[in-house]
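>>> please find the sequence and the predicted model below.
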Amino acid sequence: MSSSSDDLYATLSIPSSASKSEIKKAYHKAALQHHPDKVPSDQREAAEQRFKAASQAYEILSDDDKRAAYDQYGMAAFEKGGGGGGGPGGVDMDDILSQMFGMGGGGMGGMGGRGGPPRRPRRGEDEEQAYEVTLEELYKGKTTRFSSTKSVICSTCTGTGGKKDAKPKSCDTCKGKGVFTKLMQVGPGLVSPTTVACSTCNGNGQFFKEKDRCKKCKGTRTVQQKKMLELYIPPGTREGERIVLKGEADQHPDQEPGDIVFHVRETAHKVFKRAGADLAAEMEITLAEALTGFSRVVVTHLDGRGISITVNQPAGKILKPEEVLRVKGEGMPIKKSSEKGDLYLMVKIKFPEDGYIKDEATLAKLKELLPKNNAARSGKAPEEVDDVDFEADVDLDEFGAGSDDPRAGAEWEDEDEGQGAAQCAQQ
């Protein structure tokens, strides 16, 4: 804190912990007591000084940001300058920040020097958005045209905002800087500098009088324009990749325009799953096909082609549930090459419906063709055997239900499925 003559709390005869209402009440009392019109003429000069001191104390202490700055730095935060427009007695807030944060005379970094127009970033912001694409479109590639409305530099005034030969006026509100710099309280006794664009000049630091403004853009320096753009998704593009339309974002004077950036989002597919350049799909076959082999179309590919395979079974070999077949070169295209990933087909066997076998003779013939069950012959036979009844089509979620055992339900089956998936991936 500065000297006692600068103690604003003492000026208003209040403690440093005073609330806003206490500050306001103390100021009204001091203003009435020291008003120059309320004292004899020989005391008027001294009363005027005390009245100004009370007014200054109230202006600082009644504002949260200024009070935080005063509590931390004293009147040093408000002593320098005389430029006007930001603090008590015409203090420039950039001067305060220069003392407090060592930011120099130009306000926030990159915002321009004192008295001059603000320096904009050399490049405008990108416009980013998600773009949903089907797996078919990612397989074949896609080109789409769309209309985009964006800000472009006014061709009439070439981005000045004014008529030909008209002179812009420096903005008095922000002193030509285009921004205000103010202190924001971020915690007890802590303040942080924040910049806010000047609404008078729209952050330009200068503006044209209404009679001197460009008739086309009305002084805003840009106009809205509609343009047809083309978006190309190359075959093999992946989830999360960025498709960039360079320089097609909004234009601003004195800036290189940013890009329009599309983030690819792959929608889920009913048949295929994708991992990198590989595809996977279920291949449903009948029990007869699993036992004897087949030659037919097993899946329709993303480009509409039928994928046909021939399985010739040697004696004694069969296709098993969850077995995985790999078809090389039938996965997704690999960008910037003529190659493709692989297609993985997971065997799913469809068993006959109940009642398929109509008579005992057919059943006996089937038993004769199929391998015999040797389980009863392996190991020692149990001494006691019970014939039991069973229920079919039971939901495994009922396993251990209500027991609070973490192993209840179908979790043990999920674990087995997870191990099976890992084994398939290794094949």
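Everything's here; your move. Only a predicted model underlies this, so the values are computations on that prediction, with no experimental measurement involved.
>>> how about the helices in the stretch 251-400 of the chain?
287-292, 360-369 (DSSP state H, counting those that start in this stretch).
>>> list the contacts of the longest one.
Same thing as helix 360-369. Helix 360-369 has contacts (Cβ atoms under 8 Å, 6 or more residues apart in numbering) with Ile357. Yep, even glycine has a C-beta here, placed from its N, CA and C like the rest.
>>> ditto for the first one
Applying Cβ under 8 Å, 6+ apart, the external contacts of helix 287-292 come out as Val311, Gln313, Ile318, Leu319, Lys320, Val347, Ile349, Lys350, Phe351, Pro352.
>>> from what I see, the first one and Leu319 are in contact.
Yes: shown here, Val311 and Leu319 form a contact pair, counting by Cβ atoms under 8 Å, at 6.7 Å.
>>> returning to that earlier point: Ala69: which of the contacts of helix 287-292 is nearest?
Taking Cβ to Cβ as the measure, Ala69 sits nearest to Val347 out of these, at 74.2 Å.
>>> would you single out the least confident of the helices of the stretch 251-400 of the chain?
Taking the mean pLDDT of each of these, the lowest value is held by helix 360-369, a mean of 86.
>>> distance between that one and the chain's centre?
The chain centroid and the centroid of helix 360-369 are separated by 64 Å under Cα atoms, centre = their mean, to the nearest Å.
>>> mind exporting it as PDB, just the C-alpha atoms?
Presented in PDB, the C-alpha positions along helix 360-369 are these (Å, rounded to 0.1, in the frame of the first residue of the first chain):
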ATOM      1  CA  GLU A 360     -36.900 -92.700 -36.800                       C
ATOM      2  CA  ALA A 361     -35.300 -94.100 -40.000                       C
ATOM      3  CA  THR A 362     -33.800 -90.700 -40.900                       C
ATOM      4  CA  LEU A 363     -32.700 -90.200 -37.300                       C
ATOM      5  CA  ALA A 364     -31.000 -93.600 -37.300                       C
ATOM      6  CA  LYS A 365     -29.300 -92.800 -40.600                       C
ATOM      7  CA  LEU A 366     -28.000 -89.500 -39.400                       C
ATOM      8  CA  LYS A 367     -26.600 -91.100 -36.200                       C
ATOM      9  CA  GLU A 368     -24.800 -93.600 -38.400                       C
ATOM     10  CA  LEU A 369     -23.200 -90.800 -40.500                       C
END
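>>> can you point out the buried residues in it?
By neighbour count, with 16 or more other Cβ atoms under 10 Å as the criterion, helix 360-369 contains no buried position.
>>> re earlier: dump the helices of the stretch 251-400 of the chain to CSV, plus distance to Val179.
Formatted as CSV, the helices of the stretch 251-400 of the chain follow (distance: least, Cβ to Cβ, whole Å):
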stretch, distance to Val179
helix 287-292, 74
helix 360-369, 87
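>>> how about these, which one is nearest Ala408?
For the helices of the stretch 251-400 of the chain, the distance to Ala408 is smallest for helix 287-292, at 32.5 Å, taking Cβ to Cβ.
>>> on the three-state scheme, the residue lying closest to Thr143 once chain neighbours are set aside is what?
With Cβ to Cβ, 6 or more residues apart in numbering as the criterion, Thr143 has its nearest non-adjacent residue at 5.0 Å, and that residue is Tyr232. Here Tyr232 is recorded as strand under DSSP: H, G, I helix; E, B strand; the rest coil.
>>> was I right to think Tyr232 contacts Phe262?
No: counting by Cβ under 8 Å, Tyr232 sits too far from Phe262 to count as a contact (10.5 Å).
>>> quick one, which of the contacts of helix 287-292 are buried?
A residue is treated as buried here by neighbour count (16+ other Cβ under 10 Å); on that basis the buried members of the contacts of helix 287-292 are Val311, Leu319, Val347, Ile349.
>>> just give me the closest of those to Pro257.
Taking Cβ to Cβ as the measure, Pro257 lies nearest Val347 of these, at 54.4 Å.
>>> tell me the pLDDT of the closest one.
For Val347, the model assigns a pLDDT of 95.
>>> now it, which residues is it bridged with?
Here Val347 shows beta-bridge partners Met283, assigned using DSSP bridges.
>>> quick one: contacts for it?
Contact criterion Cβ under 8 Å, 6+ apart gives Met283, Ile285, Ala290, Leu319, Lys320, Pro321, Glu322, Glu323, Val324, Leu325 as the residues in contact with Val347.
>>> are any of those buried, and which?
For the contacts of Val347, burial is judged from neighbour counts taken by 16+ other Cβ under 10 Å, and it is met by Met283, Ile285, Ala290, Leu319, Glu323, Val324.
>>> ok, those vs Val39, which is closest?
Distances from Val39 to the buried ones among the contacts of Val347, taken by Cβ to Cβ, are shortest for Val324, at 100.0 Å.
>>> quick one: that closest one and Met346 touch, right?
Yes: in this structure, Val324 is within contact of Met346 by Cβ under 8 Å, at 5.4 Å.
>>> excluding chain neighbours, what is closest to Thr144?
For Thr144, ignoring the flanking residues on the chain, the nearest one in space by Cβ to Cβ, 6+ apart is Leu231 at 5.1 Å.
>>> so the one you found sits right up against Phe146, yeah?
Yes: contact between Leu231 and Phe146 holds when scored by Cβ under 8 Å: they sit 6.8 Å apart.
>>> for the two, work out which one has more neighbours and name it.
Set Leu231 next to Phe146 and count neighbours by other Cβ atoms under 10 Å: Leu231 wins out with 14 against 9.
>>> pLDDT score assigned to that one?
We note a pLDDT of 94 for Leu231 in this prediction.
>>> what sits against it?
Under the criterion of Cβ under 8 Å, 6+ apart, the contact list for Leu231 reads Tyr131, Thr143, Thr144, Arg145, Phe146, Ile243, Leu245, Phe262.
>>> please report how far it lies from Lys140.
When distance is defined by Cβ to Cβ, to the nearest Å, Leu231 is 15 Å away from Lys140.
>>> again, but for Thr158
The separation that Thr158 has from Lys140, given Cβ to Cβ, amounts to 44 Å.
>>> flag the shaky bits of the protein, pLDDT-wise.
1-6, 77-121, 182-192, 316, 374-379, 410-427 (pLDDT under 70).
>>> thinking again about what came up before, state the number of residues packed around the residue nearest to Thr143.
Residues lying near Tyr232 (other Cβ under 10 Å) number 11.
>>> so how far is Cys174 from Thr195?
Here the criterion is Cβ to Cβ. By it, Thr195 lies 10 Å from Cys174.
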